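1. Provide a 3D model corresponding to the input given below.
(2 chains)
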Amino acid sequence: MLELRNVSYLVDDEDQGNQKEIIKNIDLTIEDGFTAITGPNGGGKSTLAKLVAGIITPTSGQIFFNGEDITGLSITERSRKGITFAFQQPVRFKGLTVKDLLKIAAGKDVSLNEVCNYLSEVGLCAKEYIDREVNASLSGGELKRIEIAMAIARKTPLTLFDEPEAGIDLWSFQNLIHVFENIHEHAGGSIIIISHQERILNIADRIIVLAAGEIKENGTKEEVLPKLLAGAAPSPVDAVETTPACPTLLNKMV
Amino acid sequence: MAAELTAIQKTLLENIADLHEVPTGAYNIRSNGGMLGRNTTANIDIVTKTDKPGIDIIIKPGTKNQSVHIPVLITQTGLKEMVYNEFFIGEDCDVVIVAGCGIHNAGDEGSEHSGIHTFHVGKNSKVKYVEKHYGTGEGTGERVMNPSTEIYMEEGSHLEMETIQIEGINSTERRTYAKVEADASIVIKEKIMTHDNQTATTDFKAELVGENSSADIVSRSVAKNHSKQTFKSNIIGSNACKGHSECDAIIMDQAIVEAIPELTAANIDASLIHEAAIGKIAGEQLIKLMTLGLTESEAEEQIINGFLK
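-> Coordinates of the predicted model:
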């Protein structure tokens, strides 16, 4: 279980010469199960994920993980407590291979068989990829799947996926959903997925709408999804509708 | 002549030649200025030079899938030597040559090994040449190595050279020269890591004189602490040829890395390229590995190991 208490995150706005609030005093409890976070680009979704993973520190407020205050913990410490963060834009490494990264992710010497399983779960042929360097020779979609495979290798009680669907067009959503279920089955805990895709929102237990650094909606899929799909619903969904929120969803309405 | 190895010699051998025991096939082990062991085969002869220190390695035409190991071990503090090794590789060969020098200096005087290796690669022969340098020892004596390599490549030959210096060498000046005839190609891969106050200079020069000759020089290096590295390369194309050099360095702490590339094209069909990049470890790489549970220094180590692999 993850809890954010009065979390704010400010950055210096050099153009304006003042401070800009990216996350505005958020109070949020995320229970075990699948939670989807959606909302317009620039609304603070990725910033929220980085705050949870420890990549950035809140300007004020506290973050609790399974009841423990982790606000002051480093990225490494949070990772060891069982928080995994699959990046929106995976990182390239000259020289490190797919196997090297999966080994680091698993935190132990993994057998060839295990590596093959991780890779086949994301639709990559192990034989072809295991010794490939994670460098510029891999496409964005390939990197994205390797990023997801690392989360599978870790299977921690909290996994954050930042737009995992990007670049998986050749693979299927059904498989991606299977990955989430598999991690949840093994590790329990929470899976948090930042996404614009209706098909992903559809499998969530709860949906949170984040816009302009604030929580506009927080409820069960049954409560929130119809409002998002209806689009024209009154406030607070207005806040979503007037911004380019969930373009994929809105396109589907036409 | 069978060789008995001490524990220190074994460690050095493991580091410079991945050998756990005396190698099979042709070999010559030089230790503290003398010969510790030698083995020749039907196709590969090793002869001690008579006019200066060093050996001639003569490989018969048509020799395939054979290897020669010529490691040099120095465990005596204060030893300074200059060695000339000359390789005569016949036509149509396919061989692996492993050289390398390991210095264990437990004393306070400097140990120094300077080797001049000359290769004559016959027509259509393929050679893989691996050279590793490694220094160890608890003494304050400096460990210095100055390897020079001259390579003469006849028509249609191919040589791949791998030169690796990972730790323990205080000062090194490496000079490599290659003259490449028609349809011949050379590939040089260099890996260097320096730390503390070490200095390393590498100077590559390749003359592409034959039609359709090529050279590919790739250097990857890591400079830590207060160490200093200089990378020089010069590819001269005087015929229709292809040349590429690349210097990719990670700089850390207060280290200094200099890259001085030079290209000279003296033929309209000479196509020469140079790439150089020097920079610190990308922050996002460290962050990614830390989200996988590594500490910052463990992440750094993984990135460097991968980069120099």
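
2. Just list whatever residues bridge to B:D216.
-> B:D216 forms beta bridges with B:V187, B:H244, as assigned by DSSP bridges.

3. From chain A, how far off is it?
-> Computed as C-beta to the nearest C-beta, to the nearest Å, the B:D216 to chain A distance reads 17 Å. All C-beta atoms are positioned from the backbone trio N, CA, C, and that covers glycine.

4. Tell me who's in contact with that residue.
-> B:D216 sits next to B:S185, B:I186, B:V187, B:I188, B:G243, B:H244, B:S245 when contact means C-beta atoms under 8 Å, 6 or more residues apart in numbering or on different chains.

5. residue contacts, the closest residue to the fifth one other than its chain neighbours?
-> Yep, that's B:G243 we're talking about. Distances taken as C-beta to C-beta, 6 or more residues apart in numbering or on different chains put B:I235 closest to B:G243, at 3.8 Å, once the chain neighbours are dropped. Listed by C-beta under 8 Å, 6+ apart, the contact set of B:I235 reads B:205-206, B:208, B:215, B:217, B:243-245, B:262-264, B:272, B:274.

6. how about those residues in CSV, adding pLDDT?
-> Converted to CSV, those look like this (pLDDT from 0 to 100):
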residue, pLDDT
B:K205, 97
B:A206, 98
B:L208, 98
B:A215, 98
B:I217, 96
B:G243, 97
B:H244, 97
B:S245, 96
B:E262, 96
B:L263, 97
B:T264, 97
B:L272, 97
B:H274, 95
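
7. So for the helix or strand of chain B with the lowest mean pLDDT, what gets flagged as buried?
-> The helix or strand of chain B with the poorest confidence is helix B:7-17; it has a mean of 81 (mean pLDDT, DSSP states H and E). By neighbour count with 16 or more other C-beta atoms under 10 Å in any protein chain shown, helix B:7-17 contains the buried residues B:Q9, B:T11, B:L12, B:L13, B:N15, B:I16, B:A17.

8. Look up how far chain B lies from the residue positioned nearest the centre of chain A.
-> The residue lying closest to the centre of chain A (C-alpha atoms, centre = their mean) is A:F161, at 2.3 Å. According to C-beta to the nearest C-beta, A:F161 and chain B sit 13 Å apart.

9. what's in contact with the strand or helix carrying that residue?
-> Per DSSP states H and E, A:F161 falls inside strand A:158-162. For strand A:158-162, contacts defined as C-beta under 8 Å, 6+ apart pick out A:2, A:45-46, A:49, A:52-53, A:65, A:82-88, A:148, A:151, A:180, A:183, A:187, A:189-195.

10. for the closest residue to chain A within the stretch 101-250 of chain B, what are its contacts?
-> Closest contact between the stretch 101-250 of chain B and chain A, by C-beta to the nearest C-beta, is at B:D248 (7.5 Å). By C-beta under 8 Å, 6+ apart, the contact list for B:D248 reads A:K94, B:V218, B:S219, B:R220, B:S221, B:E275, B:A276, B:A277.

11. What about these, which one has the most neighbours?
-> Sorting the contacts of B:D248 by how many neighbours each has (other C-beta atoms under 10 Å in any protein chain shown) puts B:S221 first, at 26 neighbours.

12. quick one: the helix or strand following the strand holding A:F161 to strand A:158-162, angle?
-> Sequence-wise, the next helix or strand downstream of strand A:158-162 (DSSP H and E) is helix A:173-187. Calculated by axes from the mean of the first three to the mean of the last three C-alpha atoms, to 10 degrees, helix A:173-187 forms an angle of 160 degrees with strand A:158-162.

13. Pairing partners for the helix or strand harbouring A:I208, with directions?
-> A:I208 is part of strand A:206-211 when elements are defined by DSSP H and E. Here strand A:206-211 is paired, per DSSP bridges, with strand A:33-38 (parallel), strand A:214-220 (antiparallel).

14. Deepest-packed of those, please.
-> Highest mean neighbour count of these: strand A:33-38, a mean of 23 (counted as mean count of other C-beta atoms under 10 Å in any protein chain shown).

15. what's next to it, contact-wise?
-> A:45, A:48, A:180, A:184, A:190-196, A:200-201, A:203-210, A:221, A:228, A:245-246.

16. returning to that earlier point: average pLDDT for the one helix or strand the residue nearest to B:G243 maps to?
-> Here B:I235 sits within strand B:228-237, counting by DSSP H and E. On average, the pLDDT along strand B:228-237 is 97.

17. That strand: how far from the chain's middle?
-> A distance of 15 Å separates the centroid of the chain from that of strand B:228-237, by C-alpha atoms, centre = their mean, to the nearest Å.

18. Only the buried residues of it, if you could.
-> If you call a residue buried by 16+ other C-beta under 10 Å, then strand B:228-237 has these buried ones: B:K228, B:Q229, B:F231, B:K232, B:S233, B:N234, B:I235, B:I236, B:G237.

19. Could you single out the nearest of those to B:I256?
-> B:K228 (4.5 Å; C-beta to C-beta).

20. what bits of the chain have low per-residue confidence?
-> As the question left the chain open, I've gone with chain A. Applying pLDDT under 70 to chain A flags the ranges A:167, A:169-171, A:232-254.

21. oops, I was thinking of chain B
-> Residue ranges of chain B with pLDDT under 70: B:1-3.

22. How about the contacts made by whichever residue of it sits closest to chain A?
-> Closest to chain A within chain B is B:G306: 3.4 Å, counting by C-beta to the nearest C-beta. Applying C-beta under 8 Å, 6+ apart to B:G306 gives the contacts A:F93, A:K94, A:G95, A:L96, A:T97, A:D100.

23. Repeat that for B:V98.
-> By C-beta under 8 Å, 6+ apart, the contact list for B:V98 reads B:A17, B:S67, B:V68, B:H69, B:I70, B:P71, B:Y129, B:V130, B:E131.

24. Any chance of those residues in JSON lines with distance to chain A and secondary structure as columns?
-> Below are the contacts of B:V98 laid out as JSON lines (distance: C-beta to the nearest C-beta, whole Å; DSSP: H, G, I helix; E, B strand; the rest coil):
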{"residue": "B:A17", "distance to chain A": "22", "secondary structure": "helix"}
{"residue": "B:S67", "distance to chain A": "24", "secondary structure": "strand"}
{"residue": "B:V68", "distance to chain A": "29", "secondary structure": "strand"}
{"residue": "B:H69", "distance to chain A": "27", "secondary structure": "strand"}
{"residue": "B:I70", "distance to chain A": "29", "secondary structure": "strand"}
{"residue": "B:P71", "distance to chain A": "26", "secondary structure": "strand"}
{"residue": "B:Y129", "distance to chain A": "22", "secondary structure": "strand"}
{"residue": "B:V130", "distance to chain A": "18", "secondary structure": "strand"}
{"residue": "B:E131", "distance to chain A": "20", "secondary structure": "strand"}
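
25. Of these, just say which sits nearest to A:N135.
-> Distance to A:N135, by C-beta to C-beta, is smallest for B:V130 among these, at 23.4 Å.

26. Surely that closest one and B:E162 touch.
-> Yes: here B:V130 reaches B:E162: they are 4.7 Å apart, a contact under C-beta atoms under 8 Å.

27. ok, which stretches of chain A are strands?
-> Per DSSP state E, chain A carries strands over the ranges A:2-13, A:18-30, A:33-38, A:60-65, A:68-69, A:83-86, A:158-162, A:190-194, A:206-211, A:214-220.
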